[in-house]
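[1] Let me see the structure of the following:
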Amino acid sequence: MPDVSALLARIPDELKPLASLGIGALILVCLVLFHGAGLHHILRISRRGERRLLTGPPHLSRAGFLFGWSIFLMLLLHIAEILMWAFSLNHLGLIARVHDAIYFCANAYTTLGYGTVALEQQWRNIGPVIAISGLFTFAWTTSTLVDVVRSHGVLIEQLEDEREQETQLRMNLRKDEWDALKRERAAERSEKEKTRTQAARASFFQRRGMWKEEKKRVQELRMAKAAEIEELRRKERVEEEKLGPGMPPAGSEGKKQ
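    This next block holds a predicted model:
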């Protein structure tokens, strides 16, 4: 396979500026396609994470982690594109050392300038093309970031509403449990008062029978109370599970508008 740098060296000096534009344009198109695929994948990760959060318990911390992870992936995408430019220039023989190529491309890509590293005069047209690629990809990332931020805001609002509903369900459960406990205790007191009244006019053996019957009824009341509380908790869990799937996915309100 022929050496690419040797092939570039054979190009006449008067044609190298045009060749630099052609090479830069080719790399730019490939890089923008790569950037679009990367942003699409990041959005898919974000949407999947939002759907999982909405179909489960309302974890606000996980929503924050998902948002931060999306931002981090966007950063990695731009770093990868800088490295693509750098290794391309190094492979073409335009910048000898890799770390110099990375430094040059990072400065050009972010439109900060060229720094202390510069291309040969015939190939310097590649620098503005790198800057143009940075403008394209940063603008694309900005529009995607706006969508991610908006979607994250809608997600947080939905999770907050879901958490409030979950808190209200649990408060209602505590109240219903306390009411069941009070009813059971009142029934126990009523049974004991009834037994005490009847035992006042009964013999010893009759009292023993009454006490055994009272103990049995109290045990039945407590079992009924435990069963009622368990049923209340089961219904509360069912209601909690209905909170997530019944809510619209994040971003649906904005799309309707």
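
[2] Now name the helix or strand holding Arg222.
    Using DSSP states H and E, Arg222 sits within helix 204-243.

[3] for the record, mean pLDDT for that helix?
    Mean pLDDT, helix 204-243: 76.

[4] Tell me which other helices or strands that helix touches.
    helix 126-199 (3 or more C-beta pairs under 8 Å, 6 or more residues apart in numbering; DSSP states H and E). Yep, even glycine has a C-beta here, placed from its N, CA and C like the rest.

[5] Tell me, what's the model's pLDDT at the residue lying closest to His35 once chain neighbours are set aside?
    In space, and not counting its chain neighbours, His35 is closest to Thr137: 4.6 Å by C-beta to C-beta, 6 or more residues apart in numbering. Looking at Thr137, its pLDDT is 95.

[6] show me where pLDDT drops low in the stretch 1-150 of the chain?
    For the stretch 1-150 of the chain, the stretches with pLDDT under 70 are 1-2, 4-5, 114-115.

[7] what about the strands in it?
    Secondary structure of the stretch 1-150 of the chain (DSSP state E, counting those that start in this stretch): no strands located.

[8] Might you report the residue contacts of Ala9?
    Shown in contact with Ala9 (C-beta atoms under 8 Å, 6 or more residues apart in numbering): Gly93.

[9] no wait, Met84
    So Met84 contacts 27, 31, 34 (C-beta under 8 Å, 6+ apart).

[10] between these, which has the most around it?
    Leu31 (22 neighbours; other C-beta atoms under 10 Å).

[11] Give me the distance between that residue and Thr197.
    92 Å (C-beta to C-beta, to the nearest Å).

[12] Also Gly64?
    From Gly64 to Thr197 the distance is 63 Å (C-beta to C-beta).

[13] Neighbour count: those two, which is higher?
    A direct count of neighbours by other C-beta under 10 Å for Gly64 and Thr197 places Gly64 higher, at 12 against 9.

[14] Check what pLDDT Ala199 gets.
    For Ala199, the model assigns a pLDDT of 69.

[15] Going forward, count from 23.
    Okay, residue one is now 23; in that scheme the one you just asked about reads as Ala221.

[16] can you tell me which residues contact the most centrally placed residue in the chain?
    Note on the chain: the residue nearest the mean C-alpha position is Leu88, at 2.6 Å, using C-alpha atoms, centre = their mean. Leu88 makes contact with 68, 71-72, 75, 174 under the criterion C-beta under 8 Å, 6+ apart.

[17] taking these one by one, which sit in helices?
    Counting by DSSP state H, those place 68, 71-72, 75, 174 in helices.

[18] Dump those residues to TSV, plus neighbour count.
    Listed next are those as TSV, based on neighbours: other C-beta atoms under 10 Å:
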residue	neighbour count
Ser68	23
Gly71	19
Glu72	22
Leu75	22
His174	21
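
[19] Now flag whichever of the residues you listed is closest to Thr132.
    Ser68 (24.5 Å; C-beta to C-beta).

[20] what's near enough to touch that closest one?
    88, 92, 170, 173.

[21] tell me the phi and psi of His81?
    His81 adopts backbone torsions of phi -100, psi 100, taken as degrees, to the nearest 10.

[22] Which residue, neighbours along the chain excluded, lies closest to it?
    Leu75 (6.4 Å).

[23] Nothing else from me, thank you.
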